[in-house]
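Q: what would the 3D arrangement of this be:
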Amino acid sequence: MEKIRHAQWITLHRQYEHYEYLALVIKLAGVMTALTGLFSAMDCWPVLLILAVLWLLEGIWKTFQARLEVSLMALENTQAETTLFPVYNNWQQNRPGLVTLVGQYLRASLRPTVAFPYIVLMLIILLPLIY
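A: Here you go, the predicted structure:
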């Protein structure tokens, strides 16, 4: 049983880390969008809108990642002998209704590690309007 739990933990942990990697890809897309907007002399509003969408997408992504974390922690805290860990059942049970889910996405978007690059990039895009 211990081998099964260990294999489940490894699988969930790898998926968790994969989510982290893809969140960095979203951040990189934000940086590239900002640079493209700056160097092509695009109007700032479409660039800001794209950055806002990327920011929210990363918040959604981080919410998914947080659900994996719940599964990982539940697995680590499991004392009973089980052969399977109900990852998808746990995922579904932890998924709230629409309003709460949108609130989770927004809270995840406001985490400093998520918000930081987008706020800075948006300010950089707005600099030409300020000066």
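Q: in three-state terms, label Pro96 for me.
A: coil (DSSP: H, G, I helix; E, B strand; the rest coil).
Q: what's the closest non-adjacent residue to it?
A: Gln104 (6.9 Å; Cβ to Cβ, 6 or more residues apart in numbering). All C-beta spots, glycine's among them, are computed from the backbone N, C-alpha and C.
Q: and for Arg107?
A: Gly59 (7.8 Å).
Q: from Tyr19, how far out is that neighbour?
A: According to Cβ to Cβ, to the nearest Å, Gly59 and Tyr19 sit 13 Å apart.
Q: neighbour-wise, which of these two wins?
A: Shown here are Gly59 and Tyr19; by other Cβ atoms under 10 Å, Gly59 has more neighbours (23 against 17).
Q: I'd like the next helix or strand past the helix or strand bottoming out on mean pLDDT in the chain.
A: Lowest by mean pLDDT, DSSP states H and E among the helices and strands of the chain is helix 87-94, with a mean of 68. Once the chain leaves helix 87-94, the next helix or strand it forms, by DSSP states H and E, is helix 98-109.
Q: so which residues make contact with that next one?
A: 55-56, 58-60, 62-63, 66, 95-96, 114-115 (Cβ atoms under 8 Å, 6 or more residues apart in numbering).
Q: report the buried residues of that helix.
A: Buried residues in helix 98-109, counted by 16 or more other Cβ atoms under 10 Å: 104-105, 108-109.
Q: now the residues you listed in a markdown table, with distance to Leu129?
A: Shown next, in a markdown table, are the buried residues of helix 98-109 (distance: Cβ to Cβ, whole Å):
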| residue | distance to Leu129 |
| --- | --- |
| Gln104 | 33 |
| Tyr105 | 28 |
| Ala108 | 29 |
| Ser109 | 24 |
